[in-house]
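S.K.: dropping the sequence and predicted coords here.
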Amino acid sequence: MSIQKIILSLLVAVTVVYAVKENKTLESQPQILFEYDTLLTAQQKRELLLKFNTAVLYMEQEKYKKAISLFKESSKLAKIASYLNIGIAYYKLNAHKNSYLYLKKIYDFKELIHRDKFSYFSSAFYLYKITNDLEYVNEITKVSTKAKHLTEYEKMLLVDVLIIQKRYKYALEMLQKVKHGSSLKKALLNIKLRDYVQSKIEFDKAYEEIGGDIQRNDILWLKVYRDLKANDLVNLNDNIVKIEKRKKIFDTNEKLPIELFFNKNKFTAKDYYDFITNFKEERKIDFIYYFIPFIFEDLDAMKIDEAKALIIKNQNNLTELNTMVKYNADFLKVIKLDPVRRVQVLQEMIDAKYDANAYEYYNLAISYAQVYDYNKAYKYFYKAYSLDHGNKLYSVMTLLTAKRIDHKIQKIEKEFIEQNLNSKKGSYNYLAKYVYKIIFENSLKLDPLTLTQTQKESIFFRALYFLENVKEKGILKTEPLLVEFDKDPLVNLLKTISRLEGENDYLYISRIQDKLPKVYNNTFITGSFVISDFYMDTLRAFGLFKRTDFNIDNNYNPSYLRTKAVVQLYNGNPNATIKIIEYIQKNYKLESTDSYYLLVAAFLSANKKELANVTLSELDLIYKDTDAKFLIGVKLIQDMRLGSLRQYFQYKLKGKLVDFRIKKFNEYMESL
């Protein structure tokens, strides 16, 4: 039973003396019980109390016509209380014209602001419900801010108004001041504010407070929704089990359906600022893919010595050396191509060979990773590692990419790769272990004596040093990476958003908004998707995304088209996104999970839900994608197919594009 119903049942039984003494207007469920200031005689008091309380009971029983008849009689002596209840009763009967007439009379009596705010607020609240005119709810908050004191019931009504105005933070603050504030409403407000820890606490309280099956079903369903939003997989499984046990009496999934959708507002500007300054693991890995060196030659892998080959003129050695030289010459041309086109050409080069070298597979793997095709990147890093255990970069990038796609390497195989990585023999020893230290084991001790001078001066080493220390130090303009390599497009972006010493937030934000380029150009699409994505995240962090011109005339390169597809999606043109991505997939064989998720988001935005579901199934079946599994699991929960769901929720949801929501969440919260 709700707090309002408990209050109503208690107050209906109280004496006339108590009712007069309190001089309060009290909320009930169908809404409000009103008392009076004065009555003419004791007999009239008794008769009026009887009629009024009987009318209230009729309201509780939803016998609104009978209630109206009695309230009209009591209105001769208690006009405000009776008119308000009549207005509410007509509202319940959907007789909105009659309701409006009675409520407007109360609202127009401005004297109530001083002597009976709750009656005034209530009339305004229901006038809003009838007209959808925000003037009425704005009036409630305007009067409330000037009031020195609000009763408990005025505070509760104000909470509802703040929810309607979507001022959830203030609604929660006000609700916390109410002595008997609804735990369920607090839980829902905490979900809106993304405080999932406190939301769980309030849901647990609400579940214990409420005993009815319908209400318990609602709370269990909302708890599951909270678990999904919080990526709380342990509690999710427990609550699904509870719903499974109540399946025969459970229908909240129909009342409050969960649906997948493209959420362009999934993150706030503050979130995006965190993305570009306090890198998550995924972004660190993408930065490593960007800065890691391509390998043009690998004499260790070929087991030859260039000088000996030239002197001895061994035909086999010379053949291998000529192959290496030719590959280097071809690769220097390929590396200048658009990143998507680069992948296509390198793949064709390897497909044309009977047997490729380890460094060729490695270079192809980097190229796939730079266009977010992590599954193929893993495949070719693993091939490079299998052909040459001596190159430690092959080992560490195999482990790192498996982590990027949540791929479980068999325990024995993983231990072997790690042992190989930690051995003292082999090339790129220090740099590979540095990567391992940043992503896997921060306490790992490195021997700086194994680092060559060339490696010390490389952009890769500077980038690894930056990634290792960025969390503690922040992005400093004096960082060696930013000082020595500021002509690199990604480094230049990092340098642009670096903070000056002693600079306050206002000056910092103003400076960055002025300095960031507002016109998209070829600089952002030359090396890797991570440049354009980091740039777009930066724009969102500083509120500049809609003010930026992304158009590059006569540019049909696939990397630019991919950026254009993202922009079209966020600008509300999903069909354009679908056309662009399908064109790139067909003509450039780009089949990355990134391109598929752009399709899923666009299909959902274009209301092509079946195509979105099919694409998610492809991601699950072909790529074993953990985000796709999670989202399919969400759909299975909605369909009440609760058996064997654990397999869909082994990993947390990480993606930015596809989200889920309860369709009627706001309406449900406003109805409490």
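M.R.: Ah, there it is.
S.K.: what residues does stretch 626-637 touch?
M.R.: Stretch 626-637 has contacts (Cβ atoms under 8 Å, 6 or more residues apart in numbering) with 224, 228, 240, 253, 258, 260, 405-406, 593, 597, 613, 616-617, 619-620, 642, 645, 647-655, 658, 660. C-beta coordinates here come from the backbone N, C-alpha and C atoms, glycine included.
S.K.: revised request: answer the last question for stretch 67-80.
M.R.: Contacts for stretch 67-80 (Cβ under 8 Å, 6+ apart): 34, 36, 39-40, 44, 48, 51-52, 54-56, 58-59, 81-83, 85-86, 89-90, 106, 109, 112, 116, 119.
S.K.: can you find the helix or strand of this protein with the lowest average pLDDT?
M.R.: When the helices and strands of the chain are scored by mean pLDDT, DSSP states H and E, helix 16-22 comes last with a mean of 31.
S.K.: now a PyMOL select for only the buried ones of the contacts of stretch 67-80.
M.R.: Filtering those down to the buried ones (16 or more other Cβ atoms under 10 Å) takes a single PyMOL command:
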select buried, resi 34+36+39+48+51+52+55+56+58+59+81+82+83+85+86+89+90+106+109+112+116+119
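S.K.: now stretch 650-664: buried residues?
M.R.: Buried, per 16+ other Cβ under 10 Å, within stretch 650-664: 653, 655-660, 662.
S.K.: now, which of these sits nearest Met156?
M.R.: Ile662 (23.2 Å; Cβ to Cβ).
S.K.: any idea what the closest one is bridged to?
M.R.: Beta-bridge partners of Ile662, counted by DSSP bridges, are Ile258.
S.K.: touching, it and Asn253? I think so.
M.R.: No. Ile662 is not in contact with Asn253 according to Cβ atoms under 8 Å; the separation is 10.0 Å.
S.K.: before we move on, the earlier item: let's see which of the contacts of stretch 67-80 end up in helices.
M.R.: 44, 48, 51-52, 54-56, 58-59, 81-83, 85-86, 89-90, 106, 112, 119 (DSSP state H).
S.K.: what sits against Leu604?
M.R.: 260-262, 574, 612, 658.
S.K.: just flag the most distant two among these.
M.R.: Farthest-apart pair in those is Leu260 and Pro574; separation 13.8 Å (Cβ to Cβ).
S.K.: what's stretch 249-260 in contact with?
M.R.: Contacts for stretch 249-260 (Cβ under 8 Å, 6+ apart): 213, 217-218, 220-222, 225, 228, 243, 604, 609, 612, 631, 634-635, 637-640, 658-665, 668.
S.K.: ugh, typo on my part, it should be stretch 134-152
M.R.: Counting by Cβ under 8 Å, 6+ apart, 24, 107, 113, 117-118, 120-121, 124-125, 127-128, 154, 157-158, 161-162, 164-165, 178-180 sit against stretch 134-152.
S.K.: circling back: can you turn the buried part of the contacts of stretch 626-637 into a PyMOL selection?
M.R.: Command for PyMOL that selects the buried part of the contacts of stretch 626-637, burial taken from 16+ other Cβ under 10 Å:
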select buried, resi 224+228+240+253+258+260+406+593+597+613+616+619+620+645+648+649+653+655+658+660
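S.K.: am I right that Phe660 sits in a helix?
M.R.: No. Counting by DSSP: H, G, I helix; E, B strand; the rest coil, Phe660 falls outside a helix, being strand.
S.K.: would you mind measuring from it to Leu631?
M.R.: Distance of Phe660 to Leu631, computed by Cβ to Cβ, to the nearest Å: 7 Å.
S.K.: quick one: low-confidence ranges for this structure?
M.R.: Filtered on pLDDT under 70, the chain yields the residue ranges 1-45, 297-325.
S.K.: tell me which element the most centrally placed residue in the chain falls in.
M.R.: By Cα atoms, centre = their mean, the chain has its centre lying nearest to Lys266, at 4.2 Å. Secondary structure from DSSP states H and E places Lys266 outside every helix and strand.
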